[in-house]
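> prediction below, plus the sequence it came from.
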Number of protein chains: 2
Amino acid sequence: MANLPIKTVGVIGTGVIGASWTALFLAKGLQVIVADPAPGAQDKLRSYLEKEWPMMSKVGLGPGASLGNYKFVADINDHLGQVDLVQENGPERLEFKRGLFANLDAKTRDHVILASSSSGLPSSEFVTDCKKNPARVLIGHPFNPPHLVPLVEVVPHPGTGSEYVTAAMEFYRKLGKDPVLVKQEVPGFIANRLQAAVCSEAYSLISRGIISAQDLDKTMTSGVGLRWAFTGPIMTNVLGGGGNFRHMVEHLGPASKVWTEDMRKHEFDASNPQSLNELSNGVEEWVSNIDLESLEKKRDNSMLGLIQEKSKDAA
Amino acid sequence: MANLPIKTVGVIGTGVIGASWTALFLAKGLQVIVADPAPGAQDKLRSYLEKEWPMMSKVGLGPGASLGNYKFVADINDHLGQVDLVQENGPERLEFKRGLFANLDAKTRDHVILASSSSGLPSSEFVTDCKKNPARVLIGHPFNPPHLVPLVEVVPHPGTGSEYVTAAMEFYRKLGKDPVLVKQEVPGFIANRLQAAVCSEAYSLISRGIISAQDLDKTMTSGVGLRWAFTGPIMTNVLGGGGNFRHMVEHLGPASKVWTEDMRKHEFDASNPQSLNELSNGVEEWVSNIDLESLEKKRDNSMLGLIQEKSKDAA
C-alpha cells in the first residue's frame, strides 16, 4: 500500500524548511497543497518560490515541473483526502505535533506516509494519539537548505512499518536526495550529534583563545571538512589505515583518548557568561565586516556545483 | 632574520608525509635536500615522486619547478649548513625528536626555521636540548595528503619567536597552503581534536547498530561535511542564526546539551572488544568490496578540483 505513486504532497508549515521543501517538490514535478496559518504566509511563500525558482532550474527540473503547481489553502483539512504524502514542518512543540498528527492520521487515507521534518522530536513521542495507522508516521529530517543539501535523515519510530520506511527512502531518492536510515531513535539523530560534537569543541577552543574563529573555520574548510565532503570519517580512517580500519582504530585509540579527555576537561559551557562572551566576541570580530547574504549565495552556488560534480561521478 | 628567502629546504624522513612535502616543495620551485635512513628509502622516494608528478602538474608548478631539484643524501649533517628551512617528518618518539632537534639546532644557521610535521608531540617537549636558538622551532602540521590538502597547523611553543611564526605562515602560504595559527599548544592541536570528536561519536553510533557505516559516512559527505567544505562550523552557525551567532548558541544550547549528554552516556570505548568488533564488522561489511585505490584516486582528483574552484572564488 505504501508503494502507490506519490503525485500530490501536502506541506504543513511554510517557514524556511517548509518553503524549501515546496520548491523542491515543485521542481521535481509534484503537485503541492500547502498550508500555514501565520499572517502573510501565502505572500511570503510566493515571493520565496519566485526568488528560488532560478536556483531550482540549476538544481534540475523534473518532467512536469512548474512553479504553478501549488495551491496555498486556508484549511488543509479540506484537502487531506487528496494527498499521497505529507511533509510536516510545524513548530517543534510536542503537544502541538501530537494534535496535528492525530488529525493528519484521521483525515488522510490510511497508507499515506506522514513525514515530519522535526530535527529534534522523535516521532514515537507524537504518534501517541494516532488511532488509525501510526505505522506510516516517520521523521524525514532535511538539512538546510533542503532544496540543495542532499541529506535526509529517515527515522522510524519503533512502530513504523518497514514498507513505509522503504517507500519514504525511495521517495526522497527520486527527488534527488541522499537519504540515510537512522535505525533507532536517538536524541539529535545523527547529523546534529556530529555537529554538536564539533561545535562544542570549536566553541571551547575559540573561547579559550587557542585559535581565532576564522582559523577554526579554516581548519574545516581547508582541511578536515574539505576531506569529509568526499570521504566521511569512516572511509577517511580506512584510507588512512591503508585499508585496515581496525588497525587504525587500535593504533590511534590511545592518542585519541588523550585528546578526548583533554576536551572533556575544557568543555564549553554555554551557561557561563564569560565563556560565551569570549566566544561571541571572537566570532563578531571576524564576522561583523562580512556581507553574509552574498557569502551565503556564493556558498550555495559552489555547493550546488560540487553536488552536481559528485552525482556525475557516481553515475 | 627569519625573513631571508627560502630557496633550499631540508626534508628529514621520507615516509608518506615527508615524501608528499618533497613533491610539493619541488613543484613550487624549491631545492630539496632529503634524507631517510630506512633501507630502500631513496628508491621509494624516487618512484613516489615520479608517480605523483603528473598530479603536481595539476596542482600547479611554480617557476623553476623540477622533479630533478632534489638530492637524497646519506648523511644530512653534511648539508645542514646549506638549508634555509627544515621540515622534519621523523618518528613520533620524544627521545628521538629531542636528539634530532638538538642536532638540527646545532648544525643549521641560527635563523633557519625548524618545522616539525608532528601531529601529536608539542615542540616544547622536544626543544629541551636545543642550545643555540630554540626560538625558531615550531610545528608545521600538514594534512594527508599534504601535497593536496591546503591546511597546515602552525603551532609555536611558548618560546618560539613571533618573527619565526610569521615567516613560517608566509612560507606555507607561498606554497599555496592555507596555514592556521594555533596560539597555544594543546593535545591534538585543532584538526585532530575535531576529528576525534566526530569519530568517537561515529564509532559509537555504528557499534550500537543505530546507523550503518556507509550511511554514517553519507551523513557527512551529503550533509554536514558537504557544508563544512564551504563554511566551517562557526560560519554555518552564523548563517543558520540569520547573522546572530550568540542568539544561535543560546537558542541551540539546551538541545545541544541533551545531545552531548546522551553521547557521553554511550561513549565508544575502543578497549571494549565487543564494541570494537561490532564497529569493525560493520565497516568491513561495507568496505570489503570497494576498490580503495581507485576510490582514493578519485577522491584526490575531485578534492583537487574543489580546491582549485575555491581558490578561483577567493581570488
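Thanks, I have it. Numbers count the residues shown, from 1 in each chain, chains lettered A, B, ... in the order given.

> going forward, measure contacts between C-alpha atoms and count neighbours the same way
Noted.

> which residue does the stretch 1-150 of chain A bring closest to chain B?
Nearest residue of the stretch 1-150 of chain A to chain B: A:Pro150, at 5.4 Å (CA to the nearest CA).

> which bits of the stretch 1-150 of chain A sit near chain B?
When proximity is defined by CA under 8 Å from any CA of the partner chain, the stretch 1-150 of chain A lies next to chain B at A:Gly120, A:Phe143, A:Val149, A:Pro150.

> pLDDT on the helix or strand containing A:Phe96, on average?
Using DSSP states H and E, A:Phe96 sits in helix A:94-107. Averaged across helix A:94-107, pLDDT comes to 97.

> picking that back up, most neighbours, which of the residues of the stretch 1-150 of chain A next to chain B?
A:Pro150 (25 neighbours; other CA atoms under 10 Å in any protein chain shown).

> all strands for chain A, in order.
A:8-12, A:31-35, A:70-72, A:85-88, A:113-116, A:137-142, A:151-156, A:178-181 (DSSP state E).

> and the helices in the stretch 101-250 of chain A?
Ranges of helices within the stretch 101-250 of chain A are A:162-174, A:191-207, A:213-219, A:225-228, A:233-240, A:245-265, based on DSSP state H, counting those that start in this stretch.

> just put the ones you listed in TSV and tack on mean pLDDT.
Compiled in TSV, the helices of the stretch 101-250 of chain A are given as follows (pLDDT from 0 to 100):
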stretch	mean pLDDT
helix A:162-174	97
helix A:191-207	96
helix A:213-219	98
helix A:225-228	96
helix A:233-240	94
helix A:245-265	89
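
> any idea which of these is most buried?
Most buried of the helices of the stretch 101-250 of chain A, by mean neighbour count (mean count of other CA atoms under 10 Å in any protein chain shown): helix A:225-228, with a mean of 28.

> gap between that one and the chain center?
Averaged C-alpha coordinates place helix A:225-228 at 19 Å from its chain's average position (CA atoms, centre = their mean, to the nearest Å).

> how about it as PDB, C-alpha atoms only?
Extracted in PDB, the C-alpha atoms of helix A:225-228 (Å, rounded to 0.1, in the frame of the first residue of the first chain):
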ATOM      1  CA  GLY A 225      35.700  19.300   6.200                       C
ATOM      2  CA  LEU A 226      37.200  19.500   2.800                       C
ATOM      3  CA  ARG A 227      38.100  15.800   3.000                       C
ATOM      4  CA  TRP A 228      34.800  14.900   4.700                       C
END
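
> tell me what it is packed against?
Applying 3 or more CA pairs under 8 Å, 6 or more residues apart in numbering or on different chains; DSSP states H and E, one finds that helix A:225-228 contacts helix B:225-228.

> could you export the residues of the stretch 1-150 of chain A next to chain B as TSV, including distance to B:Asn272?
Output for these, formatted as TSV (distance: CA to CA, whole Å):
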residue	distance to B:Asn272
A:Gly120	30
A:Phe143	34
A:Val149	36
A:Pro150	35
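
> tally up the residues packed near A:Phe96, please.
Counted with other CA under 10 Å, the neighbours of A:Phe96 add up to 12.

> same deal with A:Ser57?
Neighbour count for A:Ser57, taken as other CA under 10 Å: 12.

> and it, how close does it get to A:Leu148?
Distance of A:Ser57 to A:Leu148, computed by CA to CA, to the nearest Å: 12 Å.

> swap in A:Phe126?
Distance of A:Phe126 to A:Leu148, computed by CA to CA: 28 Å.

> kindly report the same for A:Ile234.
According to CA to CA, A:Ile234 stands 24 Å off from A:Leu148.

> and what of A:Gln87?
According to CA to CA, A:Gln87 and A:Leu148 sit 17 Å apart.

> swap in A:Leu121?
23 Å.

> correct me, but A:Arg299 touches B:Thr231?
Yes. In this structure, A:Arg299 is within contact of B:Thr231 by CA atoms under 8 Å, at 7.3 Å.

> out of the two, which sits in the more crowded spot?
Each of A:Arg299 and B:Thr231 has its neighbours counted (other CA under 10 Å); B:Thr231 has more, 25 against 17.

> go ahead and confirm the more buried one touches A:Asp217.
Yes. Counting by CA under 8 Å, A:Asp217 is a contact partner of B:Thr231 at 7.0 Å.

> shared neighbours of these two, which are they?
Counting by CA atoms under 8 Å, 6 or more residues apart in numbering or on different chains, no residue touches both B:Thr231 and A:Asp217.
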